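[1] Fold the stuff below for me.
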Amino acid sequence: MFEIRPTTYGGRGCFATCAIPRGTLVHIATTPFTAVIFRDFRKEVCAYCFAYEINRTWKVRLRGTESAGLWFCSESCREQWVNEEDPSCELVPVLEVIEQAVAIARRKLQSAKTGEYDEDFVHEDFSFESDAIEKLWEHVEGLVTSNSVTANPLRNPTLKNRVLALEDIEYDSARLVAVAIVRLYLESYNTSTVPWFTWNGFSGLESHEKDLINRLPALLESHIRVFIFLKAIMPKKLQPFVTTANVRAVLGRESANAFGIWQLPLNSESECLGSSIFPSGSYFNHSCDPNVIKTRNGRQMHFTTSCAVRDGEELCISYGMMLKMPVQARQNLLQEQWYFKCGCSRCTAELATAA
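    Numbering: from 1, shown residues only. Just a heads-up that it's a prediction; the model follows:
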């Protein structure tokens, strides 16, 4: 029904291989490659179907002693998550150790009455140029393998507790990255037959790490802390996959390729409950006059034509709730959050009229 191929304006997109009627379901992204429910909402959002009810806490947890920071709206959703998301039983122990490590480190810091973690890696005079960022990551990777107690944050008890006591946004990022690394580990000895659910399928997405750091410089420090945290807590067999390159790959691609897990029904008052990455869905580019509507159906993302599409026409979605905005406001928002200048036919026409 459609194929992915290069666009005339750069990158790749989805193009119809035949005429498609309005209301046609052209694609279902069945499950995220990686996803996280934000810490503030994790007790109120089902970890499987993403069901959310305001001021209602779900009661169903995983069986046994491990909770792994997961809540479910029903026993059925719990069983489906276990069977579909962690059939190898490799993911739950990793998520559980994240929970324990953060909780223990926060208690230790609180009892020691020490302040929040100091920004020891990114100093005020840091240049944020590409070369400087690369050298900093090389320096950090060297530190975690160093034998120096004063320099290596994993050997210095005070530094280690400060790193492990992640802030909530870093906790969310650590879980998002950890799921992807477990996927990569499993793929290393059991090749997936689903191309969009492989590390290669995921890493084919464009990284916007540089754009993200330029917009929000403080995130560089957070990303470094996430890497060091995962080096500290990941099981030995996963350690070869916890590299700066892999951590940066996930966080750089999440910034412009993720689909927000929004409260339904979706409207301007909806809360964003989490973040999910569906590699196959990320090849639908944006248009301010889209011909495809994306909707979340439980854990899945559905893509349905909103009008008749011609053979060879590009299939486009709207990246956010911006279609009623004036053209310049849309342009500014897309540049700020998705790092591109929209050149769709609607923007082109409206900009010409405004000029």
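
[2] how near is residue 20 to residue 310?
    For residue 20, the distance to residue 310 under the criterion C-beta to C-beta, to the nearest Å works out to 8 Å. Every residue, glycine included, has its C-beta placed from N, CA and C.

[3] Buried ones in stretch 254-266, by neighbour count?
    Of the residues in stretch 254-266, those buried under the neighbour-count criterion (16 or more other C-beta atoms under 10 Å) are 254, 255, 256, 257, 258, 259, 260, 261, 262, 263.

[4] Now do the contacts for the second one.
    When you say that, I think you mean residue 255. Residues in contact with residue 255 (C-beta atoms under 8 Å, 6 or more residues apart in numbering) are 208, 209, 211, 212.

[5] helix or strand right after the helix or strand that contains it?
    Mapping residue 255 onto the secondary structure by DSSP states H and E places it in helix 244-257. As assigned by DSSP H and E, the chain's next helix or strand after helix 244-257 is strand 259-262.

[6] what mean pLDDT does that next one have?
    Confidence for strand 259-262, expressed as mean pLDDT, is 97.

[7] rewinding a little: tell me which of residue 20 and residue 310 has more neighbours.
    For residue 20 versus residue 310, neighbours defined as other C-beta atoms under 10 Å are more numerous around residue 20 (21 against 11).

[8] In space, what's closest to that one - neighbours in sequence excluded?
    Distance criterion C-beta to C-beta, 6 or more residues apart in numbering; nearest residue to residue 20, sequence neighbours excluded, is residue 309 at 4.2 Å.

[9] name the helices or strands packed onto the lowest-mean-pLDDT helix or strand in the chain?
    Across the helices and strands of the chain, mean confidence by mean pLDDT, DSSP states H and E is lowest for helix 157-164: a mean of 85. Judged by 3 or more C-beta pairs under 8 Å, 6 or more residues apart in numbering; DSSP states H and E, helix 157-164 is in contact with helix 91-112, helix 218-233.

[10] the inter-axis angle of it versus helix 218-233?
    Interaxial angle, helix 157-164 versus helix 218-233 (axes from the mean of the first three to the mean of the last three C-alpha atoms, to 10 degrees): 110 degrees.

[11] What mean pLDDT does the helix or strand just after helix 157-164 get?
    Scanning forward in sequence from helix 157-164, with DSSP H and E defining helices and strands, the next element found is helix 168-189. Rounded to a whole number, the mean pLDDT of helix 168-189 is 95.

[12] And the very next helix or strand once past helix 168-189, what does it pack against?
    Past helix 168-189, heading to the C-terminal end, the next element that is a helix or strand (DSSP H and E) is helix 199-203. Secondary structure elements in contact with helix 199-203, counted by 3+ C-beta pairs under 8 Å, 6+ apart, are helix 168-189, helix 244-257.

[13] In CSV: those, plus distance to residue 53.
    CSV is the format used below for the helices and strands packed on helix 199-203 (distance: least, C-beta to C-beta, whole Å):
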stretch, distance to residue 53
helix 168-189, 21
helix 244-257, 26
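
[14] Could you count how many residues lie near the residue lying closest to residue 305 once chain neighbours are set aside?
    Once flanking residues are discounted, residue 305 sits nearest to residue 24: 4.7 Å by C-beta to C-beta, 6+ apart. The local packing of residue 24 (other C-beta under 10 Å) involves 15 other residues.

[15] Model confidence for residue 24, exactly?
    Predicted confidence (pLDDT) for residue 24: 98.

[16] heads up, I number from 8, so please use that
    Right, with 8 as the first residue, what we last looked at is residue 31.

[17] Just confirm it contacts residue 314, I think it does.
    No: in this structure residue 31 lies outside contact range of residue 314 using C-beta atoms under 8 Å: 10.4 Å.

[18] Against residue 38, how distant is the residue nearest to residue 27?
    Between residue 316 and residue 38 the distance, using C-beta to C-beta, works out to 26 Å.

[19] Looking at those two, which has the bigger crowd around it?
    Here residue 316 and residue 38 are compared on neighbour count by other C-beta under 10 Å; more neighbours surround residue 316, at 24 against 18.

[20] need the contact list for the more buried one.
    Counting by C-beta under 8 Å, 6+ apart, residue 316 has contacts 23, 26, 27, 298, 322.
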